[in-house]
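Q: Curious how this folds, go ahead:
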Amino acid sequence: MKTYLVTGATSGIGEATALQLIQEGHTVLAIGRNETKGHELETNGQGRLFFFQVDLAVPSEIERFFETTKEDFPTIDGIFNNAGTFGKPVAPERVTDQQTEVFQVNYHAPEQIIQHAVKRLSRGASIVNNSAIVGHVKFPAMLLPYASSKSALLTLTKTYAARFHGKYRFNAICPGPVDTKLSHSLYGGKEKFDLAMKHHLRGHAAHPSEIAEVVCFLLSDKASYINGQTLIVDGGYTLT
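A: Numbering: from 1, shown residues only. As a prediction, the model looks like this:
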């Protein structure tokens, strides 16, 4: 069995992925900010999930995480850089320095995590970055920092894949709308989110577990010949 690092593990796609990984018998280092939910997951994690409260907006907390875990978890077999933030929707011509947190969480934190983890990755380790659909084909004007940071994450993915020549694998997923609290907040609440999703090709958004299935596949050795790629997981959303 393997050891995986999952960020944003206390809700949504990150939580679903962490739960599936431990169900498969793996060990999960779950990073998140929600201490209550994190300890709940740890309690129910069958002794295979370990929660670490880390704010990815603070680089020193990321450094502390790697320093404090190096003895107990010297080897990491895979990473799911999932945590992300939308920031405050605003017209592109009104973007301010306050939007720098979006890039810190969505791009610089995954970058920093990979830089630290490279020293501990096992050969054949797999890294999956959550770029979101806006990083690839959708560019909503009011979410310029979010879309830009997710697009940058795709470049990071390809660059690292080329850099390590297959020693480690780097791939990205671009999920379409997913039924999570974060998505609800962007639409102004779950009711408005559900209403908007009626226009989705299949009539509703994805459940987090549907995305987790894809992530766990890419993390596994079953995807050993997939490297440097971007996989759109949107149920046909981009067709409309």
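Q: Quick check: what element follows the worst-scoring helix or strand of the chain on mean pLDDT along the chain?
A: Lowest by mean pLDDT, DSSP states H and E among the helices and strands of the chain is helix 181-187, with a mean of 81. Next helix or strand after helix 181-187 toward the C-terminus (DSSP states H and E): helix 190-197.
Q: May I have that next one as CSV, with CA atoms only?
A: Listed next in CSV are the C-alpha coordinates belonging to helix 190-197 (Å, rounded to 0.1, in the frame of the first residue of the first chain):
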residue,chain,number,x,y,z
LYS,A,190,-27.2,25.7,-3.5
GLU,A,191,-30.6,26.6,-4.9
LYS,A,192,-29.2,28.8,-7.5
PHE,A,193,-26.4,26.3,-8.2
ASP,A,194,-29.0,23.5,-8.8
LEU,A,195,-31.0,25.7,-11.0
ALA,A,196,-28.0,26.6,-13.2
MET,A,197,-27.1,22.9,-13.4
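Q: still on that earlier bit, which strands and helices sit next to the least confident helix or strand of the chain?
A: When contacts are defined as 3 or more C-beta pairs under 8 Å, 6 or more residues apart in numbering; DSSP states H and E, helix 181-187 sits against helix 190-197. No exception for glycine: its C-beta is placed from N, CA and C like everyone else's.
Q: Without its sequence neighbours, what residue ends up closest to residue 81?
A: Leaving aside its sequence neighbours, residue 81 sits nearest to residue 110 (C-beta to C-beta, 6 or more residues apart in numbering; 3.8 Å).
Q: and what of residue 226?
A: Per C-beta to C-beta, 6+ apart, closest to residue 226 is residue 171, 5.9 Å.
Q: Beta-bridge partners for that neighbour, please?
A: Counting by DSSP bridges, residue 171 is bridged to residue 128.
Q: cool, residue 4 as well?
A: Applying DSSP bridges, one finds that residue 4 bridges with residue 28, residue 78.
Q: Give me the pLDDT for the residue of the chain most remote from its centre.
A: Most distant from the centre of the chain: residue 93, at 28.0 Å, with distances by C-alpha atoms, centre = their mean. We have a pLDDT of 85 for residue 93.
Q: likewise residue 144?
A: pLDDT, residue 144: 86.
Q: That one contacts residue 93, doesn't it?
A: No: the criterion here is C-beta atoms under 8 Å, and residue 144 misses it with residue 93 at 9.4 Å.
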